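>>> return a 3D structure for these sequence lines:
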Amino acid sequence: MSNSNPKMTNYRWVICALLFVATTINYLDRQVLSLTWDEFIKPEFHWNDDIYGKITGIFSLFYAVCMLFAGRFVDWMGTRKGFLWAIGVWSVGACLHALCGIVTESWVGLHSTAELIGATGDVAVVIATVSMYCFLVARCILALGEAGNFPAAIKVTAEYFPKKDRAFATSIFNAGASIGALIAPLSIPNLAKAYGWEWAFVIIGALGFIWMAFWVFLYDAPRKSKFVNQAEIEYIEQDKEEGFESKKENAEKKMPFLKCFSFKQTWAFAFGKFMTDGVWWFFLFWTPSYLYTQFEIKTTEGLGQALIFTLYAITTVLSIYGGKLPTIFINRTGVNPYAARMKAMLIFAFFPLCVLFAQPLGFYYADSLGRNAAWIPIILISLGCAAHQSWSANIFSTVGDMFPKVAIASITGIGGMAGGLGSLVLQMSAGKLFTFADETGMQFMGFEGKPAGYFIIFCICAVAYLIGWVVMKSLVPKYKPIIEF
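Numbers count the residues shown, from 1 in each chain. A predicted model of the protein is given here:
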């Protein structure tokens, strides 16, 4: 039973902290490959950019498909069990990466890493192909579990926070993505260098199993939690007076899955995710390789770790304020949450335009600054990434604004699927483009070879948010919650 003390408890922030840690682990697991492939895995398995692009692209595709069902699974299983299954599966998937080398060696009949690296001709092609499929299996299991993180987290946020606080709470747990990416360059390359890339996957993957123990002990629905008193429950449920979930039958019945696709609100959310999720994933997956390719900076170097750390430090700090901005608009102007979020998202959509200057300025100052010229594109990219995380916190919260709690995980899953498909297109296109540009010496806007390929992708990333915002606003110009279904 809930505590009846008159002073309101604040247990919702403990739950928010748990979501933050889960998202941090989620992105740590996702980053291990991007921080080890170029320096450790690529020479061992004879990969090129096209193979890496396929692996990240198919991961995105499988993640997208799983997101479609993950939200429904969480709605059906319940938040407590659904989240446990999600992080358990993705932790197993993360650890399985460590077996890819063993399976490849066994398949081709070799017995050591040195033999893999020294292979040539057709044997090298077989090694590249077999290892690629091994990693794809592990990545797909990782994607299956990771797909449940955001539908479950958004559902928990809707359970524990009133609408006016959801974007801020979402921005806090969503900052775990930046913190995970922040911790990753300081830990993963050093683990790989000291113990081998296999142990980097195992050690980071095992963190999820530790989190599961805390979740079992600390989480329960607000009205069932022994840590939440009546005052906090009343604060959490303050939106009921708006009639959004005032009908008992709507609070109890499930929204039919196909019915979710009949609302413009669903398509607006899905399109916004399709246009922008791939941008974040591109920088997450390709920035270490970009630094190594363009500036010859390795992630095991102090400079490489400092650059990636700075990128995500800036992203983290600025993105938390981005989640608070709609609350400021609501308090000062009294507008509804959706209007405040769309206004904030328009502001955030302009910041990625600075990525347009990352490649030109980085190359312009390369002669005078040498490898330190990498700081310029990193800072500009970090502003774009911060804008993405602020955008992400708010676009997730539009689901809670528009849909009843029983449908939130399902709608979030649909949007996640769209985001994964957008990432699939961008990751695979980037891999093929970089390989083609490198082999042909392709020219674009004064750049040649791979730099030309990077500039093309940077241009796409820069304008994606404005396109996404315009379409979202066109589909849902005003606040219109779904009450009857």
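>>> isn't S423 right up against M67?
No. With contact taken as Cβ atoms under 8 Å, S423 and M67 are classed as non-touching, separated by 10.8 Å. For every residue, glycine as well, the C-beta is placed using N, CA and C.
>>> what secondary structure does F227 sit in?
coil (DSSP: H, G, I helix; E, B strand; the rest coil).
>>> and the residue nearest to G148 when sequence neighbours are not counted, how many residues sit next to it?
Computed as Cβ to Cβ, 6 or more residues apart in numbering, the closest residue to G148 that is not its neighbour in sequence is A86, at 2.8 Å. Look at A86: counted by other Cβ atoms under 10 Å, it has 28 neighbours.
>>> okay, the helix or strand A86 falls within in PDB with CA atoms only?
In the assignment (DSSP states H and E), A86 maps to helix 79-96. Taking C-alpha atoms only, helix 79-96 is exported to PDB below (Å, rounded to 0.1, in the frame of the first residue of the first chain):
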ATOM      1  CA  THR A  79       6.300  -2.900 -18.100                       C
ATOM      2  CA  ARG A  80       8.000  -4.900 -15.300                       C
ATOM      3  CA  LYS A  81       8.400  -8.200 -17.200                       C
ATOM      4  CA  GLY A  82       8.700  -6.600 -20.600                       C
ATOM      5  CA  PHE A  83      11.700  -4.500 -19.600                       C
ATOM      6  CA  LEU A  84      13.400  -7.500 -18.000                       C
ATOM      7  CA  TRP A  85      13.000  -9.600 -21.100                       C
ATOM      8  CA  ALA A  86      14.400  -6.800 -23.300                       C
ATOM      9  CA  ILE A  87      17.600  -6.100 -21.400                       C
ATOM     10  CA  GLY A  88      18.200  -9.800 -20.700                       C
ATOM     11  CA  VAL A  89      18.000 -10.600 -24.500                       C
ATOM     12  CA  TRP A  90      20.200  -7.700 -25.600                       C
ATOM     13  CA  SER A  91      22.800  -8.500 -22.900                       C
ATOM     14  CA  VAL A  92      23.000 -12.100 -24.200                       C
ATOM     15  CA  GLY A  93      23.300 -10.700 -27.800                       C
ATOM     16  CA  ALA A  94      26.100  -8.300 -26.700                       C
ATOM     17  CA  CYS A  95      28.100 -11.200 -25.100                       C
ATOM     18  CA  LEU A  96      27.700 -13.400 -28.200                       C
END
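>>> packing partners of it?
helix 11-36, helix 49-77, helix 121-146, helix 149-160, helix 197-218 (3 or more Cβ pairs under 8 Å, 6 or more residues apart in numbering; DSSP states H and E).
>>> now mean pLDDT, mean neighbour count and distance to A409 too, for those, in JSON lines please.
Output for the helices and strands packed on helix 79-96, formatted as JSON lines (pLDDT from 0 to 100; neighbours: other Cβ atoms under 10 Å; distance: least, Cβ to Cβ, whole Å):
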{"stretch": "helix 11-36", "mean pLDDT": "91", "mean neighbour count": "23", "distance to A409": "14"}
{"stretch": "helix 49-77", "mean pLDDT": "83", "mean neighbour count": "23", "distance to A409": "4"}
{"stretch": "helix 121-146", "mean pLDDT": "92", "mean neighbour count": "19", "distance to A409": "15"}
{"stretch": "helix 149-160", "mean pLDDT": "86", "mean neighbour count": "27", "distance to A409": "4"}
{"stretch": "helix 197-218", "mean pLDDT": "94", "mean neighbour count": "18", "distance to A409": "16"}
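>>> among these, which comes closest to I456?
Across the helices and strands packed on helix 79-96, I456 has its closest neighbour in helix 49-77 (13.9 Å, Cβ to Cβ).
>>> and the helix or strand hosting L186 with helix 149-160, angle?
L186 is part of helix 163-195, with elements assigned from DSSP H and E. Going by axes from the mean of the first three to the mean of the last three Cα atoms, to 10 degrees, helix 163-195 is angled at 140 degrees with respect to helix 149-160.
>>> tell me which residues in helix 163-195 are buried?
Within helix 163-195, the residues that qualify as buried are 163-185, 187-189, 191-193, counting by 16 or more other Cβ atoms under 10 Å.
>>> quick one: distance of that helix to the chain centre.
Distance of helix 163-195 from the chain centroid (Cα atoms, centre = their mean, to the nearest Å) equals 10 Å.
>>> pLDDT on that helix, on average?
Averaging pLDDT along helix 163-195 gives 83.
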